[in-house]
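Novice: Sequence and predicted structure below; questions after.
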Amino acid sequence: MKSKKTAIDRSLEDKIFDGVVFTVLTILFLLVAYPLYFVIIASVSDPHAVSSGDVVLFPIGFTLDGYTEVFATGTVMRGFFNSLYYTAVGVLINLVVTIPTAYALARDDFYGKKPIMIFYLITMFVSGGLIPTYMVVMNMGMLNTVWALTVPGAIGVFNLIVCRTFFVTNLPPELLEAAKMDGCGNTRFFISIVLPLSAAIIAVQVLFNGVAHWNSFFSALIYISERARWPLQLELRNILINNTLMQEAAGMIATTPEAIAERQRLEALMDMMRYSLIIVASIPVLIMYPFIQRHFVKGVTFGSVKG
């Protein structure tokens, strides 16, 4: 007995179209992926081979000296764990504030939600400025604490709008009415029904806020003066600035063969550290994304198409 065809015969135009789309997407993928791949192989290659352009597809002169120098400073790992702590606390605060607020603003029976939403929207275009914000943080005693990096940005209006749209689109009023008929109150409905149905948007918020907290260094530069509390990004900035100053100083006094050799050594060390620092700072984001990627696309596209 002949097996039935499981695929629809495709025309020549369809095959050509698929081939063009596949080719374009492959080229775009290579354009996006190659810079990251180059940073990885450059971080473990001989810096002279990197600067001369010999490193293209594979590392040359494999070495881990860049990573050794980065972690030998003694402050990178401390900044790494500080950033993990700040990111975890910041994301938790963002979720605790944003998700309930967005859900409340999505409820039709919430009195005054329009004026409150307008108030939030105004903050997207008008802010108090750096000096008033610093004075508020200082007067509340939050300088040199994790709260200075997390509380002022506890809620982002863009993220609030995304979450509110998700709740409006995917939580019909009939669901609440059915729950109330079974004796379910608002708090239990939110915890037992809304949150389990919101895994996708929560994953999106974790990614958005997590990346923002991890990459942030300006707030720490303003509010954190104690070196022991610096996040990783601020430590990396300080290392790069110090190495640049050392390189410039060596160049100014490079008048003897020994000084010239020392300058070349510092330049090579600086190049290795640049690429190594990029990898070290990118590892948590690269690890986090695959775990929530399946929720990410679903959460972003929820509410974009109705009907």
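Specialist: Structure received.
Novice: going forward, measure contacts between C-alpha atoms and count neighbours the same way
Specialist: Will do.
Novice: what is the rounded mean pLDDT of the host helix or strand of Phe17?
Specialist: For Phe17, the element it lies in under DSSP states H and E is helix 12-43. For helix 12-43, mean pLDDT rounds to 87.
Novice: From Val194, how far out is Arg188?
Specialist: Distance of Arg188 to Val194, given as Cα to Cα, to the nearest Å: 9 Å.
Novice: So which of these two has more stuff around it?
Specialist: Per other Cα atoms under 10 Å, whichever of Arg188 and Val194 has more neighbours is Val194, with 20 against 12.
Novice: still on that earlier bit, can you name the element that comes right after the helix holding Phe17?
Specialist: Moving toward the C-terminus from helix 12-43, the next helix or strand (DSSP H and E) is helix 47-51.
Novice: Now do that following helix: which elements does it pack against?
Specialist: Judged by 3 or more Cα pairs under 8 Å, 6 or more residues apart in numbering; DSSP states H and E, helix 47-51 is in contact with helix 257-301.
Novice: Cys184: what's it in contact with?
Specialist: Cys184 makes no contacts at all, as judged by Cα atoms under 8 Å, 6 or more residues apart in numbering.
Novice: Name the helix or strand for it, please.
Specialist: Element membership for Cys184, per DSSP H and E: none, as it lies in no helix or strand.
Novice: Can you read off the backbone torsions of it?
Specialist: For Cys184, the backbone dihedrals (degrees, to the nearest 10) come out as phi -90, psi 130.
Novice: Which pLDDT does the model give it?
Specialist: At Cys184, the model reports a pLDDT of 79.
Novice: I'd like to know how far it sits from Phe190.
Specialist: For Cys184, the distance to Phe190 equals 10 Å [Cα to Cα].
Novice: Also Ile41?
Specialist: Counting by Cα to Cα, the gap from Ile41 to Phe190 is 48 Å.
Novice: go on, Glu69?
Specialist: 50 Å.
Novice: again with Phe22
Specialist: When Phe22 is compared with Phe190 (using Cα to Cα), they lie 43 Å apart.
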